[in-house]
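Engineer: Coordinates for the following, if possible.
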Amino acid sequence: MNFLDKLEHPIYGIAGETADRLGVQAYAVGGVVRDIFLNRESKDIDIVVVGSGIELATAVASAISPNIHVNVYKNFGTAQFAYKDAVVEFVGARKESYRPDSRKPIVEDGTLEDDQNRRDFTINALAISLNGNTKGLLIDSFGGIKDIQDKIIRTPLDPDITFSDDPLRMMRAVRFATQLNFTILDRTFQAIQDNAKRLEIISKERIVDELNKILLSPTPSKGIILLEKSGLLAQFLPELLALKGVESIDGKKHKDNFFHTLEVVDKIRMVSNNIWLLWAALLHDIAKPRTKRYNPQVGWTFHGHEVLGARMADRIFKNLRLPVNEKLKYVKKLISLHLRPIALVEDQITDSAVRRLLFDAGDDIDDLMMLCEADVTSKNQRKVQLYLDNFAKVRVKLKEIEEKDRLRNWQPPISGELIMQTFGLSPSREVGIIKTAIREAILDGIIENDYNAAMELMLKEGEKLGLTLNNR
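Structural biologist: This next block holds a predicted model:
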């Protein structure tokens, strides 16, 4: 069978003709070949040449158009360019060796066999010849096609060596197993367990990149459980492991917050691909182990876990080199507010409480409600339905208040600058008192959310404080 017919992108034909002209052998390799057999679209194209990848890339780009810009990475012997909605990377076939303290390989020129030997998994060690006498031939040296059929993740060579050489491959094994719903072969998984501590030589950025792909998989919990069982999770997110387990006193026990968290993450993934909402779900109960108390009258409590959890997110994000900007603020906001909607229901839904929730959540109110609904994981279906019905009432009330009072991302109608100008003040305690009085009056529904009502109250509050108008 001529497998070149399965490669639909025009770059393969051009690369094959150019390789023939240069007298070298070129192959499509890796994920793009694997995805043919998985019926998945692949945007990234990898071409290996037994020779210079940079030379072939430059010649192929010239054959297409003089306007194509080729990015050359001489230290790695690679080059890439964008062409027809794909990123095409060219690399010379190579063999690699590693030092114990680094995942950066010592690279030498090699054969196609050498290049396939260095691949992480059999399903990624597939190649299709693009030119010469073998044009269209599928090269499957390690049974990768059968492993795709059997839904198995395993390494081409000794997994201990594969993972010790480049520990990031252990995260990739879990990621592929999760994305593709494959099983990691027992011997391969054992090697991950044996080498888990080697993950310490990998940068946090690379680890998080794989973790994010796991979170964006159809069922993230599968990957997180594999990370936990393999010992990998303990290397970079031990706080999540602390959620595991159930404690019982006087016959009263709490749920396993680790598996509850995974269920929440899965439910969020079913309705959203917002990676930061998934992070909020992953960390929403992260402080429960530290706030857990037993009260003989009420059982287990976790008072304040939402407040402490938001603070813990700070340290976790910094440790994992996650962005400590608006993304962190968003995650912390959802963690700190995730108990508020259910408290609204339990305390009866008042306009004032809904206004305050809208004021605090702003544009993130819809994501917060999604998180709260996903947080309902009871096995008692009657209880689940009751909670969801109550959340539906909260949503209706939110819509009513938003339409009436316009409080989403609300800015007070009276600014601190106007207060200072009106009373001839500099920044002071009095300015804060007046601003707070106006905000609270609007949130409590005492005055309308408009300039005139706020201005009238400002003057009254100023009079109470003994302030005089600035007549300049």
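Engineer: Now residue 78. Nearest residue, chain neighbours left out?
Structural biologist: residue 91 (4.5 Å; C-beta to C-beta, 6 or more residues apart in numbering). (Glycine included, C-beta is placed from N, CA and C.)
Engineer: Wasn't the one you found part of a helix?
Structural biologist: No: according to DSSP: H, G, I helix; E, B strand; the rest coil, residue 91 belongs to no helix; its state is strand.
Engineer: For burial, what's the neighbour tally of it?
Structural biologist: Residue neighbour count, defined by other C-beta atoms under 10 Å, stands at 23 for residue 91.
Engineer: which residues touch it?
Structural biologist: 46-49, 53, 76-78 (C-beta atoms under 8 Å, 6 or more residues apart in numbering).
Engineer: would you turn those into TSV with secondary structure?
Structural biologist: Formatted as TSV, the contacts of residue 91 follow (three-state DSSP):
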residue	secondary structure
46	strand
47	strand
48	strand
49	strand
53	helix
76	helix
77	coil
78	strand
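Engineer: Can I get the buried part of those residues as one PyMOL selection?
Structural biologist: Of these, the buried ones go into a single PyMOL selection, burial set by 16 or more other C-beta atoms under 10 Å:
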select buried, resi 46+47+48+49+53+77+78
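Engineer: Please report the distance of residue 40 from residue 247.
Structural biologist: 44 Å (C-beta to C-beta, to the nearest Å).
Engineer: now swap in residue 123 and tell me
Structural biologist: 42 Å.
Engineer: Neighbour count: those two, which is higher?
Structural biologist: More crowded of residue 123 and residue 247, by other C-beta under 10 Å: residue 123, with 30 against 11.
Engineer: Run through the residues that contact that one.
Structural biologist: Counting by C-beta under 8 Å, 6+ apart, residue 123 touches 34, 144, 147-148, 153, 176.
Engineer: Can you tell me which of the residues you listed are buried?
Structural biologist: Looks like the contacts of residue 123 have 34, 144, 147-148, 153, 176 buried, using 16+ other C-beta under 10 Å.
Engineer: and which of those residues is nearest to residue 231?
Structural biologist: residue 153 (16.9 Å; C-beta to C-beta).
Engineer: isn't the closest one right up against residue 185?
Structural biologist: Yes: at 6.6 Å, residue 153 and residue 185 qualify as touching, with contact defined as C-beta atoms under 8 Å.
Engineer: show me what contacts residue 249?
Structural biologist: Contacts of residue 249 (C-beta under 8 Å, 6+ apart): residue 294.
Engineer: need the helices for the stretch 151-300 of the chain, in chain order.
Structural biologist: Under the criterion DSSP state H, counting those that start in this stretch, the stretch 151-300 of the chain carries helices at the ranges 159-165, 168-180, 186-195, 204-215, 220-230, 233-236, 238-241, 257-271, 275-283, 288-291.
Engineer: Just the residues contacting the fourth one, thanks.
Structural biologist: Which is helix 204-215. With C-beta under 8 Å, 6+ apart as the test, helix 204-215 has contacts from 168, 171-172, 174-175, 178-179, 199, 220, 223-224, 227, 236-237, 265, 269, 275, 278-279, 282, 319-322.
Engineer: Swap in 6 Å and give it another go.
Structural biologist: 168, 171, 175, 178, 220, 223, 236, 275, 278, 320-321 (C-beta atoms under 6 Å, 6 or more residues apart in numbering).
Engineer: how near is residue 252 to residue 243?
Structural biologist: Going from residue 252 to residue 243 by C-beta to C-beta gives 19 Å.
Engineer: So for those two, which sits in the more crowded spot?
Structural biologist: The neighbour comparison of residue 252 against residue 243 (other C-beta under 10 Å) goes to residue 243, with 18 against 13.
Engineer: Now that one: phi and psi?
Structural biologist: Here is the backbone geometry of residue 243 (degrees, to the nearest 10): phi -80, psi -10.
Engineer: give me the low-pLDDT residue ranges for the stretch 1-150 of the chain?
Structural biologist: Low-confidence segments of the stretch 1-150 of the chain, defined by pLDDT under 70, are located at 95-108.
Engineer: Name the spans of the stretch 351-472 of the chain whose pLDDT lies under the cut-off.
Structural biologist: Applying pLDDT under 70 to the stretch 351-472 of the chain flags the ranges 402-411, 471-472.
Engineer: coming back round to it: dump the contacts of residue 123 into JSON lines; add distance to residue 190 as well.
Structural biologist: Compiled in JSON lines, the contacts of residue 123 are given as follows (distance: C-beta to C-beta, whole Å):
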{"residue": "34", "distance to residue 190": "24"}
{"residue": "144", "distance to residue 190": "21"}
{"residue": "147", "distance to residue 190": "17"}
{"residue": "148", "distance to residue 190": "22"}
{"residue": "153", "distance to residue 190": "13"}
{"residue": "176", "distance to residue 190": "17"}
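Engineer: Now intersect the residues you listed with the strands, please.
Structural biologist: Here DSSP state E is the test, and the contacts of residue 123 give residue 153 as lying in strands.
Engineer: Quick check: phi and psi at the residue nearest to residue 9 when sequence neighbours are not counted.
Structural biologist: Once flanking residues are discounted, residue 9 sits nearest to residue 86: 5.9 Å by C-beta to C-beta, 6+ apart. In terms of degrees, to the nearest 10, the main-chain angles of residue 86 are phi -140, psi 150.
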